[in-house]
Every structure is written in C-alpha cells, then in structure tokens.
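> I'll drop the sequence and a predicted model, then ask my questions.
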Amino acid sequence: MRQFCLGYFVFMNETKTNIYVLIPAYNEEKAIGKVIAALPKTLLREVVVVNNASTDHTAQVAAQAGATVLLENEKGYGAACLRGLAYLAEKKPPLAPDIVVFIDGDYSDYPEELPLLVAPIVQNTHDLVIGSRNLGTSEKGALTPQQLFGNWLATRLLRLLYKVQFTDLGPFRAIAYDKLRALHMQDRNYGWTVEMQAKAAQKGLRCTEIAVRYRPRIGTSKISGTLKGTILAGYKILWTIFKYA
C-alpha cells in the first residue's frame, strides 16, 4: 500500500505526462466495462480499446464506459496492439503520448495498480516496466500450469540469450512512448509481449518489474483455455525469442 501511495503521489504531481492505455479485446463484453471503470482515469489522457473482431457487444460496452473504440478485423493480440499504436501515432503535441500502458480486457489484472507501473517512467529511472504476476500475488487458478511453465521457460531463455532479468511476460506493462516507437514492433499475434522484452533488452532499455496482483479472468482464455491456443502461443513465443537473439 505504501508503494501504491508513492506511485499515486508521483502522478498527481506530474500533470504534464500524457498517459494512454491500450486494451486489445476479443469478446470481452462481460469484463471490459469493469476494466475501464477501475482505471484511474483522472490520471490518463485517453483509454483506447481495440475491438479485435469481437462477435459480442465488447465495442458497445467499452464505448458506454467512456473508452475510444477502434476496430481491428485481423484476429491477433499483436494486430490489435499495432492498430492502437497507429492511432496514437496520429496524436500531435500537446496530445502526443509520453507513456503507453497495455492491459488485458479480461479483468484478470488490477487496473487500479497502474500508478505503480508508470511511476518509474515518470521518475525517469526506467523505460519499460513489466507487471510481474510471479513477484506479486496470484489467486488460485489464475495462472494455468502451462502459463507458469511457459513463463518460466521464456524468462530463462531471455536471461540466457539477452542477459536480462525478467520473471514474467505479463501483459500489464508500461513503456515510454519514444522507446516503444524505437522498437519497431512487428508481431501480430502471440509473440507481441516477448518481442517487446527481447527488443528492449537488445536496445539497452532500462527495464524493471513491479509486483502486481492477478486473479482468474472473466470468461475463458482464448489462448491458455484451449490446447490449440496453448501450443500455438508456446511455439510463437519460443520462435520470437530465438528470432531476435
């Protein structure tokens, strides 16, 4: 709680920082409103939800909750994130982004912990901050065995090949916008998060992790919830790690 208060204090005294939140969302109508409502919106310039070819009412719920809603018809986590970044690239001063925060639309993360992630960037001590579920507290069943093993393997390969210390590939993360643009992100599906961490290490970005809480998501995971999704995600993550080594 003390750390949370420190992060919140930093934000309240840094009024010139433009912070944008990007939420890729596929069929998250039951969760997306809760995510948006829990974000500390008085500290944010804009909340952007990228509706990734949803077949439910994700877009309508997100718009009603106050988010800007974009459409990306190509299914894929990375494709949705890239659509959001293309939108942010159109922003000109004084609306140009300083920090971009990524968070999932399934309400598994705690959006109110956002100040913890951005504080190191606002204070100019780090460029990329990963919300680590392994350092924090995860409720029983929030992370599947395959997710736990996948994170363990991927972070150890990152350490071996890129000489960088990560404990998680957590989707809840913050990054300085100029540093993000310099990474030239490309992955359009499962490799997005690990591509960012691998390239950040490669380019010498100042990276750190913050312990975050994690709970079971609302609904079924489109990746770890199916055997096919788990296999495809695992293959793509490993392929991406070796691709940039």
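It's in. Numbering: from 1, shown residues only.
> check residue 230 and give its pLDDT.
As predicted, residue 230 sits at a pLDDT of 77.
> likewise for the one 3 residues further on?
In this prediction, residue 233 carries a pLDDT score of 84.
> now swap in residue 3 and tell me
The score at residue 3 is 50. That number is its pLDDT.
> how far away is the most centrally placed residue in the chain from residue 20?
Centroid-nearest residue in the chain, with CA atoms, centre = their mean: residue 102, separated by 3.0 Å. Remark: distance between residue 102 and residue 20 (CB to CB, to the nearest Å) = 10 Å. (Each C-beta comes from the backbone N, C-alpha and C, glycine too.)
> again with residue 86
Taken as CB to CB, the spacing of residue 86 relative to residue 20 amounts to 13 Å.
> look at these two and report which has more neighbours.
Regarding residue 86 and residue 20, a neighbour count based on other CB atoms under 10 Å identifies residue 20 as having more, with 24 against 12.
> in the protein, which spans are strands?
In the chain, the strands defined using DSSP state E lie at 19-25, 46-51, 68-71, 99-102, 128-132, 173-176, 207-211.
> with distance to residue 59 added, can I get those strands in CSV?
Conversion of those to CSV gives the following (distance: least, CB to CB, whole Å):
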stretch, distance to residue 59
strand 19-25, 8
strand 46-51, 4
strand 68-71, 5
strand 99-102, 19
strand 128-132, 26
strand 173-176, 24
strand 207-211, 31
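> so which of those is nearest residue 190?
Ranking those by proximity to residue 190 (CB to CB) places strand 19-25 first, at 12.1 Å.
> quick check: mean pLDDT of that closest one?
With pLDDT averaged residue by residue, strand 19-25 scores 98.
> what of stretch 112-120?
So the average pLDDT for stretch 112-120 ends up being 98.
> shaky segments in this structure?
Low-confidence segments of the chain, defined by pLDDT under 70, span residues 1-15, 221-229.
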